[in-house]
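Visitor: Fold the stuff below for me.
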Amino acid sequence: MQFFGSILQMIIRFRYPVSMPQDIAEALGISLKNTIAFERLLHSCQTCCPTSLIKFMPRIEAERMFHAAQRKDRFTQSSLYSYYFNEGWLEFELQFDDLARLRRLYIHHRLIADPTGFELNLAVDPQGIEHPATDARDSLFIA
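Guide: Numbering: from 1, shown residues only. Okay, here's the model as predicted:
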């Protein structure tokens, strides 16, 4: 059995020499096997609802999820994390608000027709949301 497992791992490495589907699954908090075909991987990413990324989560926590990416680019209001596959770069664009909270998550690949990418739905944690306007207003009143 161990011999066949080693052969399977070698075949998977020939199919995915740089990035593995499991790297993306780990970042998004979804379940994927490394034996999945790339087109199916792309479809799975487009239809998933990430469980490790939540709308309004702090930037540092959101970026930490993509630690296995081959390229990491940080900008003022966004970050771009890229994974290399034989079919081209698969990129995840995280957009943040002025308070460095995650607002949107896009996936980019040349097989996606929309030049702006495909937006993934992010779950909202109602208990994790802080309302700075409300907090600031409350702090103006001195008792």
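
Visitor: what's near enough to touch residue 101?
Guide: By C-beta atoms under 8 Å, 6 or more residues apart in numbering, the contact set of residue 101 is 56-59. The way it works is simple: take the backbone N, C-alpha and C, and place the C-beta from them, glycine included.

Visitor: and residue 31, how far is that from residue 22?
Guide: Using C-beta to C-beta, to the nearest Å, residue 31 is found at 10 Å from residue 22.

Visitor: quick one: which of the two has more around it?
Guide: residue 22 (16 against 10; other C-beta atoms under 10 Å).

Visitor: Any idea how far the helix or strand in which that one is found is from the middle of the chain?
Guide: Assigned by DSSP states H and E, residue 22 falls within helix 21-28. Put simply, helix 21-28 sits 8 Å off its chain's centre (C-alpha atoms, centre = their mean, to the nearest Å).

Visitor: pull the CA atoms of that helix into CSV?
Guide: The C-alpha coordinates for helix 21-28 follow below in CSV (Å, rounded to 0.1, in the frame of the first residue of the first chain):
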residue,chain,number,x,y,z
PRO,A,21,-4.7,22.3,-4.7
GLN,A,22,-4.3,21.6,-1.0
ASP,A,23,-2.5,24.9,-0.6
ILE,A,24,-5.6,26.8,-1.9
ALA,A,25,-8.0,24.6,0.1
GLU,A,26,-6.0,25.5,3.3
ALA,A,27,-6.1,29.2,2.5
LEU,A,28,-9.9,29.2,1.8
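
Visitor: for that helix, packing partners?
Guide: Counting contacts by 3 or more C-beta pairs under 8 Å, 6 or more residues apart in numbering; DSSP states H and E, helix 21-28 packs against helix 38-47, strand 78-85.

Visitor: now stretch 105-119: how far from the chain's centre is it?
Guide: Relative to the centre of its chain, stretch 105-119 is centred 13 Å away, using C-alpha atoms, centre = their mean.
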